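K.L.:
Output the structure for:
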Amino acid sequence: MPKLSPSSYALQLSNASTLTKTLSCNLPTLSHFNYTDYTNFYEPSDDTFLMCDALSLDLPSSSPKRVLELGIGSGCNIVHAAGLGGVEVCFALDVNPYAVEATKRTWEANEIQGVEFYVSRSDLLGEGTEAWWPSV
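P.N.:
Prediction:
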């Protein structure tokens, strides 16, 4: 599958009956990164964009107040979820300190307002947990 643009895209999905549906959404800005940044954390790719589409379709109807992402990479998905509206608190966790810093940069670059944001280097159950767990 070809690399997709990190600003917007269209994805063709086909099922067994050859019905094709085009999904698309506006992605958070990632222009604050350059190609060398991605040597230290996961670069947004097809799976990232597919997750953003799924969030766009399902998150508004489920109306969650809290969103948790484990393995945040660039922060694209957690920032996208926060920008859809209705979310009050976002928790973003990764064992990679570069991913934590990248997600902070993505949050700031997209100027998300009205959502509490916690990002921490954590393995979920060990070191770093105290930074976010009491808030859940």
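
K.L.:
low-scoring pLDDT stretches of this protein, where are they?
P.N.:
The chain contains residues with pLDDT under 70 at 1-24, 127-136.

K.L.:
change it to 50
P.N.:
1-21 (pLDDT under 50).

K.L.:
Can you list the residue ranges for helices in it?
P.N.:
Here the chain has its helices, by DSSP state H, at 46-62, 76-83, 97-109.

K.L.:
Of those helices, flag the one that's most buried.
P.N.:
helix 76-83 (a mean of 25; mean count of other CB atoms under 10 Å). (C-beta placed from N, C-alpha, C; glycine too.)

K.L.:
and it, what other elements does it pack with?
P.N.:
With contacts taken as 3 or more CB pairs under 8 Å, 6 or more residues apart in numbering; DSSP states H and E, helix 76-83 sits against helix 46-62, strand 66-70, strand 89-94, helix 97-109.

K.L.:
Now do that helix against helix 97-109, angle only.
P.N.:
Helix 76-83 and helix 97-109 are oriented at 30 degrees to each other (axes from the mean of the first three to the mean of the last three CA atoms, to 10 degrees).

K.L.:
quick check, distance from helix 76-83 to the centre of its chain.
P.N.:
5 Å (CA atoms, centre = their mean, to the nearest Å).
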